[in-house]
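S.K.: Sequence and computational prediction follow.
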Amino acid sequence: MAVQAHLVDGTFELFRCFHGAPRHVNAKGEEVGAVRGLLHTLLSLLKSDDVSHVAVAFDALPAARGPVKDEPGILIRRQAPLALDAVRALGIRLWPMVRFQADDALATGARVLREDAGVERVVLCTSDTDLFQCIRGERVVVLNRISKTVTDETAFRSRYGIAPQQFPDHLALVGAPAKGLPGVPRWGSRTAAAMLHCYGAIERIPENAADWEPKVPGKARLAAELLAGRDEALLVKRLATLRDDLPIDCSVGALAWRALDEPRLRRVVARAEASDLWPRIERWRPGPERRDATRL
């Protein structure tokens with residue numbers, strides 16, 4: 001039986017829940033609102049009919065030390081250990097990162113799973129466009145759970161005019177101010193798309209504008225800008241390229257959802273004071289048919 005694997009950007013989900021869910025301080029004086037939201041949003045994912053194989057990746061969030069401060073970054077970091085425990089309690093495979101980024105774990109999972117003939121589709125659940133480079137046809141797609149939009153390769157090519165694996169080159173040439181990536185001066189999306197379509201990568205773009213095959217306006221100045229900033233552009237490309245070779249278990253068997261860890265879940269729910277989760281679980285309670293299906 002072909003399966004769909006859902007790989008979730010847990011760091012993004014935790015931040016989203018902190019800013020989108022109601023704040024809540026438990027009886028011990030701990031801020032737990034983000035974890036409450038995380039429990040509910042991950043349960044919603046599990047309840048979807050097509051979800052049977054799931055993993056959640058988290059960036060390393062160093063513990064906040066010192067007195068409690070009402071700063072979002074500190075309050076989120078203080079909830080990180082409980083958030084990781086919440087994922088375990090829901091019976092979901094957890095990928096907590098230390099040396100690498102959560103994006104690298106998702107990229108690794110996407111590569112391994114797309115090569116598995118038993119996997120019909122890999123769904124990367126994130127709003128981070130960096131993961132666009134992992135898209136392959138309709139087999140690996142990116143789902144923005146906020147806008148409920150799915151980006152497959154057709155949608156990506158329509159938007160950027162390049163192949164998904166060329167996205168790091170695009171970011172290096174065009175830049176991304178929101179990510180702090182400068183880009184090469186005067187290079188826009190159309191120019192980058194034309195040149196990458198012709199040459200494939202920054203490294204293969206001729207230094208001399210006279211050697212350029214695409215007819216782009218102002219190519220002499222564009223070539224000069226690229227020549228001056230080529231080393232920086234190549235550095236940005238390397239930084240924007242996700243690793244897909246992390247030593248994590250991305251096998252179908254490892255990601256199969258089987259059951260809730262109820263003792264752990266009761267402890268997490270009690271600490272997060274999220275008792276409103278139980279009625280949703282009782283109405284859902286997957287039967288043996290679904291649990292057996294995850295083993296296929």
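M.R.: Noted; the coordinates are in hand.

S.K.: how many neighbours does Pro185 have?
M.R.: 13 (other CB atoms under 10 Å). Every C-beta, even on glycine, is put in place using the N, C-alpha and C of the backbone.

S.K.: Just the pLDDT for it.
M.R.: We have a pLDDT of 96 for Pro185.

S.K.: ok, and the closest non-adjacent residue to it?
M.R.: In space, not counting the residues next to it along the chain, Pro185 is nearest to Glu225; the distance is 4.9 Å by CB to CB, 6 or more residues apart in numbering.

S.K.: ok, the one you found touching Gly188?
M.R.: No: counting by CB atoms under 8 Å, Glu225 does not reach Gly188; the two are 11.7 Å apart.

S.K.: who's more crowded, the two?
M.R.: Glu225 (18 against 14).

S.K.: Just list what the helix or strand that contains that one packs against, helices and strands only.
M.R.: Per DSSP states H and E: Glu225 is located in helix 219-240. Contact here means 3 or more CB pairs under 8 Å, 6 or more residues apart in numbering; DSSP states H and E; on that basis helix 219-240 packs against helix 167-174.

S.K.: could you give the mean pLDDT of whichever helix or strand comes after the helix it packs on?
M.R.: Along the chain past helix 167-174, the next helix or strand (assigned with DSSP H and E) turns out to be helix 189-199. Helix 189-199 carries an average pLDDT of 97.

S.K.: circling back: in the helix holding Glu225, what counts as buried?
M.R.: 219, 222-223, 225-226, 229-230, 233, 236-237, 240 (16 or more other CB atoms under 10 Å).

S.K.: now the angle from that helix to helix 167-174?
M.R.: Calculated by axes from the mean of the first three to the mean of the last three CA atoms, to 10 degrees, helix 219-240 forms an angle of 130 degrees with helix 167-174.

S.K.: Spell out the residue ranges of the strands in this structure.
M.R.: 3-9, 53-58, 93-96, 119-125, 140-144, 149-151 (DSSP state E).

S.K.: So for Lys179, which of the ones you listed sits nearest?
M.R.: Judged by CB to CB, the one of those that comes nearest to Lys179 is strand 3-9, at 14.9 Å.

S.K.: List of residues touching the closest one?
M.R.: Applying CB atoms under 8 Å, 6 or more residues apart in numbering, the set of residues contacting strand 3-9 from outside is 42, 45, 50-57, 102-103, 105-106, 109-110, 113, 118-128, 131, 143, 252, 255, 296.

S.K.: now the nearest residue to Gly118 once chain neighbours are set aside: how far from Leu246?
M.R.: Nearest in space to Gly118, with sequence neighbours left out and distances taken as CB to CB, 6+ apart, is Val252 at 5.8 Å. In this structure, Val252 and Leu246 are 17 Å apart, going by CB to CB, to the nearest Å.

S.K.: More neighbours: these two, which one.
M.R.: Between Val252 and Leu246, Leu246 has the larger neighbour count (other CB under 10 Å), namely 21 against 18.

S.K.: if I pick the nearest residue to the more buried one once chain neighbours are set aside, what's in contact with it?
M.R.: Sequence neighbours aside, Thr108 is the residue nearest to Leu246 in space, at 4.3 Å (criterion: CB to CB, 6+ apart). Going by CB under 8 Å, 6+ apart, Thr108 touches 243-246, 248, 250.

S.K.: Then Leu46?
M.R.: For Leu46, the residues meeting the contact criterion (CB under 8 Å, 6+ apart) are 54, 90, 92, 257, 284.

S.K.: Same list (those residues) but as JSON lines, adding neighbour count and distance to Val98.
M.R.: Output for these, formatted as JSON lines (neighbours: other CB atoms under 10 Å; distance: CB to CB, whole Å):
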{"residue": "Val54", "neighbour count": "25", "distance to Val98": "21"}
{"residue": "Leu90", "neighbour count": "25", "distance to Val98": "22"}
{"residue": "Ile92", "neighbour count": "22", "distance to Val98": "19"}
{"residue": "Trp257", "neighbour count": "22", "distance to Val98": "24"}
{"residue": "Trp284", "neighbour count": "12", "distance to Val98": "33"}
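
S.K.: For Arg243, grab the count of nearby residues.
M.R.: Using other CB under 10 Å as the criterion, Arg243 is surrounded by 13 other residues.

S.K.: and the closest residue to it other than its chain neighbours, how many neighbours does it have?
M.R.: In this structure, Arg243 finds its nearest non-sequential neighbour in Asp104, 4.2 Å apart by CB to CB, 6+ apart. With neighbours defined by other CB under 10 Å, the count for Asp104 comes to 22.
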